[in-house]
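Engineer: Let's see this in three dimensions:
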Amino acid sequence: AGKMDRGPEDAEQTGRRELSEETGLTAGQMISLGEIWPSPGFMDERLYLYCAKDLAQGECHPDVSDLLS
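Structural biologist: As a prediction, the model looks like this:
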């Protein structure tokens, strides 16, 4: 789902983790494209957008909850 772990993880770390989990890719560079609020006035959800560059292929390792849905 791309959710940020509370506490030790910032938005870029979350993006790197999700990229690796879902695709097996690692990024040499993550460029922030900003933040958006998809439902302002209704929810406090915030989306962080990144461009991943200098990609290297590895093995994907999906989160267990992704496999159960």
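
Engineer: Which of the helices or strands spans residue 14?
Structural biologist: Using DSSP states H and E, residue 14 falls within helix 11-23.

Engineer: How far does that helix sit from its chain's centre?
Structural biologist: Offset of helix 11-23 from its chain centre (Cα atoms, centre = their mean, to the nearest Å): 4 Å.

Engineer: in it, what counts as buried?
Structural biologist: By 16 or more other Cβ atoms under 10 Å, the buried positions in helix 11-23 come out as 11, 14-16, 18-20. The C-beta positions use only the backbone N, C-alpha and C, and glycine is treated the same way.

Engineer: With stretch 31-45 instead?
Structural biologist: Within stretch 31-45, no residue counts as buried by 16+ other Cβ under 10 Å.

Engineer: And the contacts of it?
Structural biologist: 11-12, 46-51, 53 (Cβ atoms under 8 Å, 6 or more residues apart in numbering).
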